[in-house]
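# output the structure for:
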Amino acid sequence: EGDGAVLSEVGPWDLCIVGAGATGLGLARQFFNTRWRVIVLESGLGDTDPFADELNMMTSEGLRHDGWREGRVRALGGTTRAWGGQLVPLRSSEMQVRDWVPGSGWPLELSELQPFYRRVEHLLGVEGPPYDESMWERLRIEPPGFDTKDLTVRFSQWASLGKRNFAVLWRKELEQCPNVTVVLDATAVRAECSSSAESNCHAVHVTSRSGYKAAIRSRMFVLACGGIETARLLLASDAANSSGLV
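Numbers count the residues shown, from 1 in each chain. This next block holds a predicted model:
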C-alpha cells in the first residue's frame, strides 16, 4: 500500500464479500432485496483486460499447474465467464481419507452438502439428481454392462448458456437491487484484524489502478476470491506474527 495511507473509509456494511465470481455473486444473490447492506469487491472490471491479467501472474513450482493462468478470470463474474457449465457433484469416496494421500479426507459428510447442491441446481435451473447409474433407467437406456469393480459410471448436468456467466445471469438484478453494491477495480490488499485470539476482522483494505485507497468496514466478511488469491490475501494481512492470518 505504499505509504499505508487510507484516503477514505467506507461502511460499515453488514456483509463485505471479496470477489465477484461464482461464490461471491452466488452468495450476494441470497441477499437481494433484504435488509442486509452488502458490498461486493471485485479486483477486475466489467470485462477482462490486460491489467487484470497481469495481477494474476504468479510463479508455480513443483508439478505443472496451468490452471493458475488458464483457469482464472479477474473480472465481474470471475471464472464463470470461462466455465463450460458442467455440474459434477462430489461422491462419498472422494471425501474419504486415503492413506497414501497426505492430508486427504474432508471434515464433513456428503449428506451435509446435499441441501446446498439442491440450492445451486435451483439457481441454475437444472433438474438435479440422480447423477449415478440409476440414470440409465431414467433415460430408458440399457446399461453398457461395465464391471463396477473397474469402472464407475457418473452422470453430470449442464447449465444453459444463458446461466453460466453469473455476471450476465444476474446483471439486471444487480443493477436494480437497492441493498447490494458491486465495486469494480477494488483489489483487496490486506485484511485488518485484531491481535486477539479470535482475530476478528475489522476492515478490508482495497486499492484501485489509479492508486485510490479505502478501508471497507463491515460486520462480517467473506473471502471469495479463489483458492490462490484467498491464500495470498491472508498471507499479506495483519496478524500477531509475520506469517499472515491462519
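
# look up the pLDDT of residue 64 for me, please.
On pLDDT, residue 64 comes in at 84.

# how close does it get to residue 160?
Using C-beta to C-beta, to the nearest Å, we find residue 64 at a distance of 33 Å from residue 160. Yep, even glycine has a C-beta here, placed from its N, CA and C like the rest.

# more neighbours: which of the two?
Between residue 64 and residue 160, residue 160 has the larger neighbour count (other C-beta atoms under 10 Å), namely 11 against 7.

# could you find the closest non-adjacent residue to the more buried one?
The spatially closest residue to residue 160, leaving aside those adjacent along the chain, is residue 125, at 6.7 Å (C-beta to C-beta, 6 or more residues apart in numbering).

# just residue 131 next, same as before
Nearest-residue entry for residue 131: residue 155, 5.0 Å, with adjacent residues in sequence omitted and distances by C-beta to C-beta, 6+ apart.

# going along the chain, name the strands of this structure.
8-18, 38-41, 86-87, 157-158, 180-183, 187-193, 201-207, 213-223 (DSSP state E).

# save these as TSV, and put in distance to residue 229 too.
Compiled in TSV, these are given as follows (distance: least, C-beta to C-beta, whole Å):
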stretch	distance to residue 229
strand 8-18	9
strand 38-41	12
strand 86-87	23
strand 157-158	27
strand 180-183	16
strand 187-193	8
strand 201-207	13
strand 213-223	8
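
# now those strands as JSON lines including mean pLDDT, mean neighbour count and distance to residue 143?
Listed next are the strands of the chain as JSON lines, based on pLDDT from 0 to 100; neighbours: other C-beta atoms under 10 Å; distance: least, C-beta to C-beta, whole Å:
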{"stretch": "strand 8-18", "mean pLDDT": "87", "mean neighbour count": "19", "distance to residue 143": "44"}
{"stretch": "strand 38-41", "mean pLDDT": "97", "mean neighbour count": "24", "distance to residue 143": "45"}
{"stretch": "strand 86-87", "mean pLDDT": "94", "mean neighbour count": "13", "distance to residue 143": "22"}
{"stretch": "strand 157-158", "mean pLDDT": "92", "mean neighbour count": "14", "distance to residue 143": "19"}
{"stretch": "strand 180-183", "mean pLDDT": "96", "mean neighbour count": "19", "distance to residue 143": "46"}
{"stretch": "strand 187-193", "mean pLDDT": "92", "mean neighbour count": "20", "distance to residue 143": "49"}
{"stretch": "strand 201-207", "mean pLDDT": "92", "mean neighbour count": "21", "distance to residue 143": "51"}
{"stretch": "strand 213-223", "mean pLDDT": "95", "mean neighbour count": "18", "distance to residue 143": "43"}
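
# mind checking which of those strands is nearest residue 94?
When those are ranked by proximity to residue 94, the top entry is strand 86-87, at 15.0 Å, counting by C-beta to C-beta.

# residues in contact with the residue nearest to residue 160?
For residue 125, the contact set (C-beta atoms under 8 Å, 6 or more residues apart in numbering) comprises 159-160, 163.

# remind me which residues of the chain are low pLDDT?
Counting by pLDDT under 70, the chain has low-confidence residues at 1-8, 195-199, 238-246.
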